[in-house]
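Engineer: attaching a predicted model along with its sequence, questions to come.
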Amino acid sequence: MTEEQELVDFSKNIADLLNSMFISDPAAMYALVSNRVPCNEKLADHPFAETTKIPLVDHEQYQIGLLGVINCLMNACGIPKVCAAYNKSNQLLGFASMAESFQCDSSQPTGT
């Protein structure tokens, strides 16, 4: 097995673990991946952090969520990121490795 395949497999294992947590408590996992906390520009500029910029009336606000932290760790180790998958009604369906052919809905928050 190549090192690249080992990293892809690790990413899939992380997605599987998140899915097992989602099966155990879908409401808690939805709340965890849907909520963001404000962060400063220094964290937003971190080379591996996955943040979102929110334009406000007189300034911009940066935010980070659970998947943003998880993907920061994975990015730093060269591991493919994970994403959350939602349906058109914004219901969380589960998680996937972004190394797989599975397509995460890019219109939804994934990794922040």
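Structural biologist: Thanks, I have the structure now.
Engineer: where along this structure do the strands fall?
Structural biologist: Under the criterion DSSP state E, the chain contains strands at 36-39, 52-55, 60-65, 82-86, 92-97.
Engineer: quick one: the ones you listed as CSV, columns for mean neighbour count too.
Structural biologist: Quick note: C-beta positions are derived from backbone N, CA and C, even for glycine. As requested, the strands of the chain are arranged in CSV below (neighbours: other CB atoms under 10 Å):
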stretch, mean neighbour count
strand 36-39, 14
strand 52-55, 12
strand 60-65, 18
strand 82-86, 24
strand 92-97, 20
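Engineer: under the pLDDT cut-off, which ranges of this structure? List them.
Structural biologist: The model of the chain has pLDDT under 70 over residues 101-112.
Engineer: now with 90?
Structural biologist: Residue ranges of the chain with pLDDT under 90: 1, 3-5, 55-60, 90, 99-112.
Engineer: pull the longest helix from it.
Structural biologist: Secondary structure of the chain read by DSSP state H shows that its longest helix is helix 3-24.
Engineer: name the helices or strands packed onto it?
Structural biologist: Under the contact criterion of 3 or more CB pairs under 8 Å, 6 or more residues apart in numbering; DSSP states H and E, helix 3-24 touches helix 26-34, helix 66-76, strand 82-86, strand 92-97.
Engineer: need the ones you listed in TSV with distance to E50, can you?
Structural biologist: Converted to TSV, those look like this (distance: least, CB to CB, whole Å):
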stretch	distance to E50
helix 26-34	12
helix 66-76	4
strand 82-86	10
strand 92-97	14
